[in-house]
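*Asks:* have a look at this prediction, sequence included:
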Amino acid sequence: MKLSRRRLLEQAGLWSLLWPILRSQSARAQVELAPRRVLIFFSPNGPIMERGPASGSERNFELNEFWSPLNRHKADGCFFSGLHQAGVPFGEHNEYGHQSAGTGALTARTTEGTNHATGPSLDQFIGQELQKAGILTPQRSLLWGLHDNTNNWGPWYEAAGKSANPENNPFRALEALLPSVPVTDGKVDPRLLRKRLALATAYKDCRELSKQLGSQGKEMLDFHCGNLESLEKSVVEAIARPPAPSCQPLTRPDTLLQADASFGNAENHDEAMKAFRSLIPLAFSCDITRVIGFSFGGTADRFALPSSYGIPSSEAVDSGDSGPQHHAWTHVYDEGADKRTALRSFTQWYAEQIALVIDRLKATPDIGGGTLFDSTLVLWTCELGHQTSDPIQPHPNGNVPVMLFGKGQGTIATGRFFDGGGSSESALTLHQLFVSLIQYSGLTNVESFGNSGTGALEWLAG
């Protein structure tokens with residue numbers, strides 16, 4: 001029997017080492033459509049004093065000043081007001097407010113007495129299901145952010161009860177990417193060999209240990225073993241797509257900070273974002289992953305900006321915190337000018353960072369002559385919204401601002417505004433929006449996500 005070149009390499013254990021080189025050769029031999037990608041942003045707390053990012057009619061609307069940095073991408077966006085947080089109305093929570101909003105924001109599920117989300121977040125689900133469907137990339141998904149711990153109320157979950165933590169050091173993030181960046185000089189990165197051997201050894205040890213455990217421990221470990229197996233499969237069996245013209249190795253992230261800097265420090269947030277803005281196009285253009293999650297902060301995060309922004313300091317509030325940080329200002333029960341200045345500044349900063357990422361995606365060439373933005377959907381959602389009352393409440397799960405950017409290779413009609421009305425049933429719109437992103441990624445057979453609601457959001461097609 002005559003074996004193919006790939007089969008011979010697999011049997012010799014060399015496929016995982018040589019696939020970047022073979023991908024580079026493949027790029028010269030064929031032209032393919034750009035992969036479909038999804039980028040998901042989450043911001044903590046919420047605008048509190050404003051109902052949503054826009055007002056007006058579907059095609060004649062204006063962005064609220066809180067979200068004004070996104071005006072330059074208005075024609076490429078769909079803006080949602082009056083949406084209730086996903087998942088929250090359709091189950092039980094230990095605590096309504098931060099916990100229900102944080103755990104439901106991206107999982108569209110409730111905690112059901114567990115203090116954890118009861119399903120994966122959107123980013124993890126897409127990555128896992130793409131892998132099951134045979135759409136393989138070196139990294140199933142990536143999760144980065146300005147913090148490194150989500151705790152048990154966070155928005156990012158690998159599975160029910162299993163939270164996922166962002167990487168907040170861009171140097172470590174780049175180190176994880178580089179072995180999967182195609183080489184151009186014919187040399188194989190030795191880190192691929194180490195990764196392959198480490199995964200194979202870890203998987204073998206995992207299976208051996210699983211045999212020694214009881215049923216409950218075995219179930220938990222089997223989940224971990226399955227992840228190791230999936231990671232190894234991605235390295236060994238990933239059939240490389242041709243990289244975009246912009247797929248070039250970086251020597252370091254784009255930042256003035258050093259690798260040992262405290263990237264979670266508020267004074268370093270601008271530099272950290274600049275660094276990650278250089279890594280997002282790299283990960284997508286080299287087809288290292290199809291889905292990236294980015295977290296500005298965890299649930300009820302005491303998020304602050306560099307002192308140069310001049311955010312006013314709140315007095316001590318009922319939650320026990322104070323100062324020039326986002327969470328404390330949400331607990332100030334008035335409508336004063338300082339509160340508005342602070343909440344506007346935080347929301348505008350998040351919006352500007354996302355606008356700058358979109359700028360980079362639009363400026364980065366992709367396969368087929370387009371840009372990365374042409375095939376990337378960018379979702380921004382947050383923890384809390386706005387509740388009309390006197391005084392303004394700090395924990396509204398309703399009127400959560402949501403934005404989606406990108407035409408999705410012609411599948412989405414942008415430059416439009418959607419008002420969900422603000423009722424709890426509007427949470428179903430978010431469920432459908434999540435299904436739309438899932439289907440866009442290539443999982444066209446998925447019709448539901450979370451604990452309620454079915455089907456994609458047909459409104460997106462115009």
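*Replies:* Okay, I see it. Numbering: from 1, shown residues only.
*Asks:* what number of residues lie near residue 391?
*Replies:* Using other Cβ atoms under 10 Å, the number of residues around residue 391 comes to 9. Where you see a C-beta, it was placed from the backbone N, CA and C, and this is true even at glycine.
*Asks:* how near is the closest residue to it other than its chain neighbours to residue 315?
*Replies:* Leaving out its chain neighbours, the residue that sits closest to residue 391 by Cβ to Cβ, 6 or more residues apart in numbering is residue 333, at 3.9 Å. Distance, residue 333 to residue 315, by Cβ to Cβ, to the nearest Å: 11 Å.
*Asks:* repeat that for residue 387.
*Replies:* Distance from residue 387 to residue 315, by Cβ to Cβ: 22 Å.
*Asks:* what of residue 400?
*Replies:* On the measure of Cβ to Cβ, residue 400 and residue 315 end up 27 Å apart.
*Asks:* quick one, what contacts the residue nearest to residue 391?
*Replies:* For residue 333, the contact set (Cβ atoms under 8 Å, 6 or more residues apart in numbering) comprises 391, 392, 394.
*Asks:* in a helix, it, correct?
*Replies:* No - counting by DSSP: H, G, I helix; E, B strand; the rest coil, residue 333 falls outside a helix, being coil.
*Asks:* quick one, phi/psi of it?
*Replies:* phi -90, psi 60 (degrees, to the nearest 10).
*Asks:* tell me the pLDDT at it?
*Replies:* Model confidence at residue 333, given as pLDDT, is 91.
*Asks:* hmm, back to that, quick one, which of residue 400 and residue 315 is more surrounded?
*Replies:* More neighbours surround residue 400 than the other of residue 400 and residue 315, with 32 against 9 (other Cβ under 10 Å).
*Asks:* what sits against the nearest residue to that one once chain neighbours are set aside?
*Replies:* Of all residues not flanking residue 400 in the chain, residue 385 sits nearest, at 3.8 Å (Cβ to Cβ, 6+ apart). The contact partners of residue 385, by Cβ under 8 Å, 6+ apart, come to 46-48, 51-52, 83, 85, 396-401.
*Asks:* mind checking pLDDT for residue 385?
*Replies:* pLDDT at residue 385 comes out at 94.
*Asks:* what do you get for residue 367?
*Replies:* Confidence score, pLDDT, at residue 367: 89.
*Asks:* quick check: closest non-adjacent residue to it.
*Replies:* Closest to residue 367 by Cβ to Cβ, 6+ apart is residue 34, at 4.7 Å.
*Asks:* ditto for residue 79
*Replies:* Residue 79's closest residue in space is residue 54 (Cβ to Cβ, 6+ apart), at 4.2 Å.
*Asks:* got it, and residue 318?
*Replies:* Here the residue nearest residue 318, using Cβ to Cβ, 6+ apart, is residue 331, at 5.8 Å.
*Asks:* residue ranges with poor pLDDT in the stretch 251-400 of the chain?
*Replies:* Counting by pLDDT under 70, the stretch 251-400 of the chain shows no low-confidence range.
*Asks:* quick one on the thing from earlier: pull the most distant pair out of the contacts of residue 385.
*Replies:* By the measure Cβ to Cβ, 48 and 83 form the most distant pair in those, at 15.6 Å.
*Asks:* so what's the residue count around residue 57?
*Replies:* Neighbours of residue 57 (other Cβ under 10 Å): 9.
*Asks:* picking that back up, so among the contacts of residue 385, which ones count as buried?
*Replies:* The neighbour-count criterion (16 or more other Cβ atoms under 10 Å) marks 46-48, 51-52, 83, 85, 396-401 among the contacts of residue 385 as buried.
*Asks:* residue 167: which of those is nearest?
*Replies:* residue 46 (24.6 Å).
*Asks:* name the nearest residue to the closest one, ignoring sequence neighbours.
*Replies:* residue 384 (3.1 Å).
*Asks:* for whichever strand or helix holds residue 176, buried residues please.
*Replies:* For residue 176, the element it lies in under DSSP states H and E is helix 170-177. Burial within helix 170-177, assessed by neighbour count using 16+ other Cβ under 10 Å, is assigned to 170, 171, 173, 174, 176, 177.
*Asks:* and the fifth one, what does it touch?
*Replies:* Right, residue 176. Here residue 176 is in contact with 139, 167 (criterion: Cβ under 8 Å, 6+ apart).
*Asks:* re the thing from before, now the residue nearest to residue 367: how far from residue 294?
*Replies:* Taken as Cβ to Cβ, the span from residue 34 to residue 294 is 21 Å.
*Asks:* also residue 136?
*Replies:* For residue 136, the distance to residue 294 - Cβ to Cβ - is 23 Å.
*Asks:* looking at those two, which one has more neighbours?
*Replies:* Shown here are residue 136 and residue 294; by other Cβ under 10 Å, residue 294 has more neighbours (24 against 18).
*Asks:* isn't residue 340 up against residue 49?
*Replies:* Yes - between residue 340 and residue 49 there is a contact under Cβ atoms under 8 Å: 5.8 Å.
*Asks:* could you count how many residues lie near residue 248?
*Replies:* Residue 248, neighbours per other Cβ under 10 Å, totals 13.
*Asks:* and what of residue 254?
*Replies:* So residue 254, with other Cβ under 10 Å, has 14 neighbours.
*Asks:* residue boundaries of the helices in the stretch 351-462 of the chain?
*Replies:* Ranges of helices within the stretch 351-462 of the chain are 427-440, based on DSSP state H, counting those that start in this stretch.
*Asks:* thanks again, I'm all set now.
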